[in-house]
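In: Give me coordinates for this.
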Amino acid sequence: MPTKVAVIGLDSVPPALLFDKLLGELPNLERMYRRGLHGTLETCDPPITVPAWMVMLTGRNPGKLGIYGFRHRRGASYTEGYVVNSGHVRLPTVWDVLASHGKRSVVLGVPPGYPPKRVEGGNLVSCFLTPSTDREFTYPPSLKEEIMDVSGGRYQFDVTFRTEDRDRLKRELFEMTEERFRVAEYLARKKRWDFFIMHEIGFDRLHHAFWKFFDPAHPKFVSGNKYQEIDLEYYRLVDEKVGRLLDIFGEGTTTFVLSDHGSKAMKGALCVNEWLEREGYLAMKSRPSSPTDLEKAEVDWEKTRAWGWGGYYARIFFNVKGREKTGTVDQDQLEKEKAELTRKVLAVTDGSGRPMANRVYEPDALYGSAVGDKPDLMVYFDDLDWRSAGTVGHQSIYLSENDTGPDDSVHSKDGVFLMSNPRRDLRGLELKGARIEDVGPTLLRAFGLGFPDHPAVDGKVIPEAVEGCS
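Out: Numbering: from 1, shown residues only. Modelled structure (predicted):
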């Protein structure tokens, strides 16, 4: 069996940026690419940080996890929601299984990781969803003092990235990442572990805040701007940190560098509730004069048949009799209503009349079965090139910007997969067909273990990644 396995998780990194554009400037990641195993990693639906990392590390799809994004509707409420936290993850993770076999883990920042859960015999630092360092954010609790000392008395979980003050954001982003890797190095050196995993959210924030500055294909790119090479600056910083970790991990460690999904330029946002109102699904008592969150608007729920939530994808909820307080759609008509709305969504064009590559999913059909507070329909606008804007009070259903603050990018389905085994020269073997659900079973197989088989595991072991690990 392998001495150690490590995962460096880089949120939202796309193959086109890492492999195709920047790799030649990143000596440590390029060495892994040339000597090890590399490829794309197809993510889950929806391609969002939460649930994607738990899909990766439980081997189960979002339907089995009951996690469909950061924020969920609370039951059958019209306006109440909740943010997913670690308590909503009820299936065993890789480190849970390892602990049951006497293996020790270090878990740094993997979402959703707040509040911190017990890791038997191991150490955990919670994720970017942590409100502040005033809260308990480590297991064991005594680890908090060590983290604060290592980070100089301030440990950043996240940055405010939807802002026009990009000078401040750049400074805080780079500082946060420096701190995260400083803590990672400390934990890798000082703690006993068989499995090490860290997560860095900074790539996601970089892409959302700066994509239009470094991507000439972005509709709002301006040549010669001051941030035109910020992608290279940031990736170089992380590459240097990855190299330091590889040295610490040593020759006995099989190391994975993974992203949970990719990123790409945002073309615009489609106002899903404005569109639902035009189509006769959503009724308003009065229209707001400026963009307003739907829960703050005067919706006539007694006449509304469906409404939506904004985000990287649209969640559609029907107003069903016997489920919602003032339901208008008969239970026996719900499937017909879904089919009719799906047909209309698929016919939506962009502002110039161009057909959009829209997709509509029903959770139970998509996942086989779906638990938890799921939407009735999940809608991707134009293959996710367009966000869903949930606010109302716009003059058009089309926006050129995000409706909740500056945002330059959206999520894409392909993440990255890199693996290096110092005892095995794979000569840059390309991995094809891997899915995010496959990672967890593969990590456990490296230890000769597997997940409990109930509920059924969706992922499969990636044989190229574990052959010769022992």
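In: And the helices in the protein, which stretches?
Out: For the chain, the helices defined by DSSP state H cover 15, 27-35, 49-58, 62-65, 94-100, 143-150, 166-190, 202-214, 230-249, 272-278, 334-346, 363-367, 439-446, 463-466.
In: Determine how far the third one lies from the middle of the whole chain.
Out: Meaning helix 49-58. Centroid separation for helix 49-58 versus its chain: 8 Å, with CA atoms, centre = their mean, to the nearest Å.
In: So which residues of the stretch 351-470 of the chain form strands?
Out: 359-361, 377-380, 386-389, 398-399, 409-412, 414-420, 429-431 (DSSP state E, counting those that start in this stretch).
In: Quick one: list the elements packing against the helix or strand bottoming out on mean pLDDT in the chain.
Out: Within the chain, no helix or strand scores below helix 463-466, which has a mean of 91 by mean pLDDT, DSSP states H and E. Contacts defined by 3 or more CB pairs under 8 Å, 6 or more residues apart in numbering; DSSP states H and E place helix 463-466 against strand 429-431, helix 439-446. (C-beta placed from N, C-alpha, C; glycine too.)
In: swap the cut-off to 7 Å and go again
Out: Helix 463-466 sits against helix 439-446, with contacts defined as 3 or more CB pairs under 7 Å, 6 or more residues apart in numbering; DSSP states H and E.
In: Could you tell me the angle between the helix it packs on and helix 49-58?
Out: 30 degrees (axes from the mean of the first three to the mean of the last three CA atoms, to 10 degrees).
In: Okay, buried residues for helix 439-446 please.
Out: V439, G440, P441, T442, L443, L444, R445, A446 (16 or more other CB atoms under 10 Å).
In: what comes into contact with that helix?
Out: 2, 5, 56-59, 94, 97, 254, 258, 450-451, 457, 459-462, 465-466, 469 (CB atoms under 7 Å, 6 or more residues apart in numbering).
In: Could you report the separation of the residue nearest in space to the middle of the chain from T93?
Out: By CA atoms, centre = their mean, the chain has its centre lying nearest to T49, at 1.2 Å. Per CB to CB, to the nearest Å, T49 is found 16 Å from T93.
In: same question, R34
Out: From R34 to T93 the distance is 31 Å (CB to CB).
In: G280 too?
Out: G280 is 45 Å from T93, by CB to CB.
In: between these two, who's got more neighbours?
Out: T93 (23 against 11; other CB atoms under 10 Å).
In: since we're on the nearest residue to that one once chain neighbours are set aside, how many residues are nearby?
Out: Leaving out its chain neighbours, the residue that sits closest to T93 by CB to CB, 6 or more residues apart in numbering is L57, at 4.8 Å. Using other CB under 10 Å, L57 has 27 neighbouring residues.
In: gap between the spatially closest residue to G308 that is not a sequence neighbour and L108?
Out: Spatially, and ignoring its direct neighbours in sequence, G308 is nearest to V272 (3.9 Å; CB to CB, 6+ apart). Look at V272 and L108: by CB to CB, they are 36 Å apart.
In: Settle it for me: which of those two has more neighbours?
Out: V272 (31 against 26).
In: dump the residue contacts of that one.
Out: By CB under 7 Å, 6+ apart, the neighbours of V272 are G308, G310, A314, S388, A389, G390.
In: Wait, the first one touches N319, no?
Out: No. G308 is not in contact with N319 according to CB atoms under 7 Å; the separation is 11.8 Å.
In: can I assume P62 is in contact with V55?
Out: Yes. Under the criterion of CB under 7 Å, P62 makes contact with V55 at 6.2 Å.
In: Common neighbours of those two, please.
Out: With CB under 7 Å, 6+ apart as the test, P62 and V55 both reach C44.
In: follow-up on the earlier one: so what's the residue nearest to the centre of the chain scoring on pLDDT?
Out: At T49, the predicted lDDT confidence score is 98.
In: can you check the one 3 residues further on too?
Out: Note on A52: pLDDT of 98.
In: Distance check, it against T254.
Out: Counting by CB to CB - A52 and T254 are separated by 22 Å.
In: Tell me where this structure is predicted with low confidence.
Out: 1-2, 468-470 (pLDDT under 70).
In: domains in it, as residue ranges please.
Out: Domain segmentation of the chain under automatic domain parsing yields 4-264+411-466, 268-406.
In: most packed of those domains?
Out: Of all the domains of the chain, domain 4-264+411-466 has the most neighbours on average by mean count of other CB atoms under 10 Å, namely a mean of 19.
In: Quickly list what V416 is bridged to.
Out: T40 (DSSP bridges).
In: Surely it and T43 touch.
Out: No. V416 lies out of contact with T43 (CB under 7 Å); the separation is 10.6 Å.
In: Now do L65 against G280, distance only.
Out: From L65 to G280 the distance is 35 Å (CB to CB).
In: meant to ask about P112
Out: From P112 to G280 the distance is 37 Å (CB to CB).
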